[in-house]
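Novice: Sequence isn't available, so here's the structure alone:
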């Protein structure tokens, strides 16, 4: 087991109607003027935004709106938000939505007190040392950003989709989590979120660090729970308990508890980020294609962890590691397909992928050799993109 | 799934040599004069206390010593510590040791800023609203107090051993966790710690709250990891990785992650606390006796969760819930015995238990009817104590 620091000072408030506590929680995080960051119209149409505003009004917190943040959020809205916070003297942020709203709020949060360009943090030129406090009202279980110190933003100039990772500087101070808010998520978005949270676990699970039994068991447990609950939320979108389990799984998948004490990987995410940046696909759907493709490559190059996943999570019985891993991947793909997710690039709507462009951008953004579980050059990452063509 | 709040703002710093960071972490928690609370001679003899002091000296933090805290810590040392903090204007505490040192530090921490008797918090007369910050250098993985908001203190007058539970007021600000510090733990203490952490999971696992799949799976995963790693630490006390897994299991067992979204039980703990208070037995060893006895009663009164434990964790194959649960308990007792733990009251050294006294004190301290998973009066708790006579 590797040495680790684990510090997750996010206050999770989970249950029915908890969005009514947003105002008092915002006060608890020590601010009285906030930027409200949100995305698509559903937050407005459902009346949620008004309920959140009423909760802020009730305790006398002032706010300005930054709405209309799009999926795969872009740097232009971040600059706009930084400008608003500075001009209006806003000292905190409340994101209402999913990963896009939260990640935008985090980028603004570290950008405001920084004299240079906030992109320096994403480009790896600077470490985040200071940030405005961020609170979250979560509506989409997927990105796990409500509990993570991470943020993913796309730079419009060159379509660079880059993730920033901090130990704790960008962890939200609070996350209000009401599973009822997810009842109206469209099936495709629900399913994509499930693939996203599973991928967050896989990126931590596939490691060569030996002797991480407890972290493995926790990760396998959360994966098992997702696989049990996912068909239920698809069949009964208004089943509170199934939605609640999936929502909490999404947090545990990415708040670090599934990754303590070991090297992580993240290549599937990096490869999907290029798909999202170039083709604008839904992140989780892209992961449902890329993760099994990456795992298929690993089944012949480093099969041990894939075999363990197959046996412990997918109930595969096979003594041969490569064969067990491949059977586990087949079951994982069948599971994704059962949720209505694409499992090939063609099903994702990318009939003739530009492999040259994807591989070029991938290594331009992430370096010549990438990956923790297996070191990959452009030769191998191209093979993995090609494996994503087939079931 | 029940509504829940989950807030664990403890900074875990885990790995070799991390006790050298105690000074800077103490500064990070915002204090410069602390009370150092520690227990048995081993902390002194091993040189650990001197290394911690050197780390505090290096950053200019002043400290006074409160040493010699005993297992099953008592209120007299708490009063002494409160007096020292007030007199010497100490504004924080660093506990070096296991649950006894940490729980004493927590009791002092909430007692100092409170005008009344600190015991009011333990007696349930007052809620902790304010406490001095507490840091931990952990040497015994067992109590889980390094990550919990709880503390257990015995009142010498009447030998009342009472647990205080807070959501976050008494959670340590940091926990320094070096598995090497546990290499020299005697086998009996190592094994007792393992029974203690397993019991912390059982108290949360045995619930009637439906639909807690993800919490169940996480709890089962940590139990599986403990059962895998425990024989290794017994056979190879200086195996770093086995010790590291057990140490982290002890934290996860009690920091709340195994209990989100459901009612808990805690009767086994309450019943053991009376054994400790009256007979002075080691807490974890007492739990190795009481937990299976409690589970045996439940196998015929409310077998569902015991059967799930038996099947998912102990690999029992049996379609009948009661039979499955009983087989799981038999395997659990065999596991405890394999670690050298007692599994009957006689083996614990209590040949002729005073059932009247135990049952009387239990219900005097905890109420006429106790338990979350199954409501128990003095008639039933007596039966459970009697079940602890037999294998």
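Specialist: Looks like it came in fine. Please read these numbers as outputs of a predicted model, since none were measured by experiment.

Novice: now the residue lying closest to residue A:238 once chain neighbours are set aside: how far from chain B?
Specialist: What sits nearest to residue A:238 in space, not counting adjacent residues and going by Cβ to Cβ, 6 or more residues apart in numbering or on different chains, is residue A:183, at 4.6 Å. Placement of C-beta: from N, CA and C, glycine included. Residue A:183 sits 15 Å away from chain B, going by Cβ to the nearest Cβ, to the nearest Å.

Novice: now do residue A:108
Specialist: 23 Å.

Novice: element containing that residue?
Specialist: helix A:99-111 (DSSP states H and E).

Novice: hmm, back to that, tally up the residues packed near the residue nearest to residue A:238, please.
Specialist: 16 (other Cβ atoms under 10 Å in any protein chain shown).

Novice: With residue A:239 instead?
Specialist: For residue A:239, using other Cβ under 10 Å, the count is 17.

Novice: Who are the contact partners of it?
Specialist: A:232, A:233 (Cβ atoms under 8 Å, 6 or more residues apart in numbering or on different chains).

Novice: where does it land on pLDDT?
Specialist: Per-residue pLDDT puts residue A:239 at 98.

Novice: sorry, back to before: need the contact list for the residue nearest to residue A:238.
Specialist: Contacts of residue A:183 (Cβ under 8 Å, 6+ apart): A:237, A:238, A:243.

Novice: and the last one, which of the three is it?
Specialist: Secondary structure for residue A:243, judged by DSSP: H, G, I helix; E, B strand; the rest coil, is helix.

Novice: And for residue A:153?
Specialist: strand.

Novice: If we ignore the residues flanking it in sequence, what's nearest it?
Specialist: Residue A:153's closest residue in space is residue A:107 (Cβ to Cβ, 6+ apart), at 5.2 Å.

Novice: How much space separates that neighbour from chain B?
Specialist: Applying Cβ to the nearest Cβ, the value for residue A:107 to chain B is 24 Å.

Novice: Does the closest residue to residue A:242 other than its chain neighbours belong to a helix, a strand or coil?
Specialist: For residue A:242, ignoring the flanking residues on the chain, the nearest one in space by Cβ to Cβ, 6+ apart is residue A:232 at 3.8 Å. Applying three-state DSSP to residue A:232 yields a three-state assignment of helix.

Novice: helix/strand/coil for the residue most central in space within chain A?
Specialist: The centroid of chain A falls nearest to residue A:143 when counting by Cα atoms, centre = their mean (2.5 Å). At residue A:143, secondary structure determined by three-state DSSP is coil.

Novice: just residue A:299 next, same as before
Specialist: When classified by three-state DSSP, residue A:299 comes out as helix.

Novice: Burial check on it, number of neighbours?
Specialist: By other Cβ under 10 Å, neighbour count at residue A:299 equals 22.

Novice: List of residues touching the longest strand belonging to chain A?
Specialist: Assignment by DSSP state E gives strand A:4-14 as the longest strand of chain A. Surrounding strand A:4-14, the residues in contact under the criterion Cβ under 8 Å, 6+ apart are A:21, A:25, A:28, A:146-147, A:167-168, A:171-178, A:244, A:247-248, A:251, A:255-257, A:260-261, B:3-15, B:260-261.

Novice: okay, the angle between that strand and strand B:4-14?
Specialist: Here strand A:4-14 runs at an angle of 170 degrees relative to strand B:4-14 (axes from the mean of the first three to the mean of the last three Cα atoms, to 10 degrees).

Novice: Partner strands of strand A:4-14 and their direction?
Specialist: strand A:174-177 (parallel), strand B:4-14 (antiparallel) (DSSP bridges).

Novice: Identify the spatial nearest neighbour of residue A:294, chain neighbours not counted.
Specialist: residue A:268 (4.5 Å).

Novice: Next, count neighbours for that neighbour.
Specialist: The number of residues packed around residue A:268, counting by other Cβ under 10 Å, is 23.

Novice: That one belongs to a helix?
Specialist: Yes. Under three-state DSSP, residue A:268 falls within a helix.

Novice: Quick check, it in contact with residue A:201.
Specialist: No. Contact criterion Cβ atoms under 8 Å: residue A:268 and residue A:201 do not qualify, at 11.3 Å.

Novice: residues contacting residue A:284?
Specialist: With contacts defined as Cβ under 8 Å, 6+ apart, the neighbours of residue A:284 are A:142, A:191, A:192, A:193, A:194, A:195, A:196, A:199, A:341.

Novice: host element of the second one?
Specialist: So that's residue A:191. Using DSSP H and E, residue A:191 sits in helix A:187-205.

Novice: quick one, helices of the stretch 1-150 of chain A?
Specialist: A:22-28, A:41-45, A:48-58, A:75-88, A:99-111, A:119-122 (DSSP state H, counting those that start in this stretch).

Novice: Show me the domain layout of chain A.
Specialist: Using automatic domain parsing, the domain ranges for chain A come out as A:11-181, A:186-387.

Novice: Report how many residues lie close to residue A:367.
Specialist: Per other Cβ under 10 Å, the neighbour tally for residue A:367 reads 11.

Novice: confidence score at residue A:159?
Specialist: 86.

Novice: which residues touch the closest residue to it other than its chain neighbours?
Specialist: Excluding the flanking residues, the one nearest residue A:159 by Cβ to Cβ, 6+ apart is residue A:277, at 4.3 Å. If a contact means Cβ under 8 Å, 6+ apart, then residue A:277 has A:72, A:154, A:159, A:160, A:161, A:361 as its contacts.

Novice: at 10 Å what do you get?
Specialist: By Cβ atoms under 10 Å, 6 or more residues apart in numbering or on different chains, residue A:277 lies in contact with A:72, A:154, A:155, A:158, A:159, A:160, A:161, A:162, A:358, A:361, A:362, A:365.

Novice: That one is in what secondary structure piece?
Specialist: helix A:267-279.

Novice: What mean pLDDT does that helix get?
Specialist: 95.

Novice: Tell me the buried residues in that helix?
Specialist: Neighbour-count burial for helix A:267-279, counted by 16 or more other Cβ atoms under 10 Å in any protein chain shown, picks out A:267, A:268, A:269, A:270, A:271, A:272, A:273, A:274, A:275, A:276, A:277, A:278.

Novice: how near is the fourth one to residue A:382?
Specialist: Taking Cβ to Cβ, to the nearest Å as the measure, residue A:270 falls 14 Å from residue A:382.

Novice: before we move on, what about the third one?
Specialist: Look at residue A:269 and residue A:382: by Cβ to Cβ, they are 17 Å apart.

Novice: mind listing what residue A:103 touches?
Specialist: A:37, A:69, A:72-73, A:78, A:95, A:97, A:143, A:145, A:148, A:150-154, A:163-164, A:170.

Novice: again but with residue A:359, I slipped
Specialist: Neighbour list for residue A:359: A:271, A:274, A:377, A:378, A:379, A:380, A:381, A:382, A:383, A:384, A:385 [criterion: Cβ under 10 Å, 6+ apart].
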